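Student: Sequence and predicted model, in that order:
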Amino acid sequence: MIDKYKDDENKIGDLLRQCRQRKQSAQHQLFQIFYNYAMSIARRYVSNTETAEEVVNDAFFKVFTKIDLYEESLPFRFWLRRIVINTAIDRLRGTLKTHESSTHYEQQALVIESSVVEDLTREQILAALDRLPPAYRTVFNLFVVDGFSHEEIAQMLNISSGTSKSNLARARQHLRALFSDDFEFKK
C-alpha cells in the first residue's frame, strides 16, 4: 500500500513538472485525477452542481496559470483545496454581503440522536447545506469542515470575527431546525 502511494506521489510530481512546461496532456491528466476531489469541495460551498463545475473549472485555470507558485514541499492536494475554496468564495462574495445580516432563526433546543446523524447520507447533508443562506453555509464549511479559525475566515471574507461566529451559530441553528423538520427526534 505504501509503495502504491509513493508511486502515485511520483506520478503527480511528474505531471506537475509537465504542467509547468504547459503540456496540455499533463494538465488534462491532473484535471482527471483531481476533478472529483475539487468538485466535492466546491459543491459544499455553492448551491448547485452547475455552479460547482464552474468553480472547479475556474480553479483549475488558476492552478495551470499559477503552477509556478506551487511549493513542491507541500502536498498538491492541499494547494488545490485552498484554490478551490478561494475560487468558491470569490464567486459567492457578492451574495455573502447581501445575506450577512439577514434572517434570524429562533434557537431550538433539540436532542439529536447520534444514530440519526450518523445515518445521514452525503446527499442529505448537502441538501441541508444548500438550504442555508450563502453566508451561513460558507462560514459553516470554512469552520466545521475545512478547519479555519474565525480570524482566518474573517480575513478571507472581509468580515469581523464576531460576524463569523454569529454566522456559524445561526448556521447551526438553521441546520437544527431543518433536521427537526425532516426527522423525528426524541427529547
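Tutor: Done, it's in. Note that the structure is a prediction, hence the values are computed from the model and not measured. Residues are numbered from 1 along each chain as shown.

Student: Give me the residue ranges of the protein where confidence is low.
Tutor: Within the chain, the stretches with pLDDT under 70 are 1-7, 94-120, 122, 181-187.

Student: can I see the domain layout of it?
Tutor: For the chain, the structural domains run 1-99, 102-187, going by automatic domain parsing.

Student: Put together JSON lines for these, with mean neighbour count on each row.
Tutor: From N, CA and C alone the C-beta is placed, and that goes for glycine too. Converted to JSON lines, those look like this (neighbours: other C-beta atoms under 10 Å):
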{"stretch": "domain 1-99", "mean neighbour count": "15"}
{"stretch": "domain 102-187", "mean neighbour count": "15"}
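
Student: quick one: the residue nearest the centre of the chain from residue 13, how far?
Tutor: When C-alpha atoms, centre = their mean is applied to the chain, the residue found nearest the centroid is residue 41 (3.8 Å). Per C-beta to C-beta, to the nearest Å, residue 41 is found 22 Å from residue 13.

Student: Same question for residue 48.
Tutor: 35 Å.

Student: which other residues reach the helix or strand hosting residue 124?
Tutor: Using DSSP states H and E, residue 124 sits within helix 122-130. For helix 122-130, the external contacting residues (C-beta atoms under 8 Å, 6 or more residues apart in numbering) are 43, 44, 47, 48, 137, 140, 141, 175, 178, 179, 182.

Student: about what we covered before: contacts only, for the residue nearest to the centre of the chain.
Tutor: Listed by C-beta under 8 Å, 6+ apart, the contact set of residue 41 reads 81, 84, 85, 88.

Student: give me phi/psi at the last one?
Tutor: Taking degrees, to the nearest 10, you get phi -60, psi -40 for the backbone angles of residue 88.
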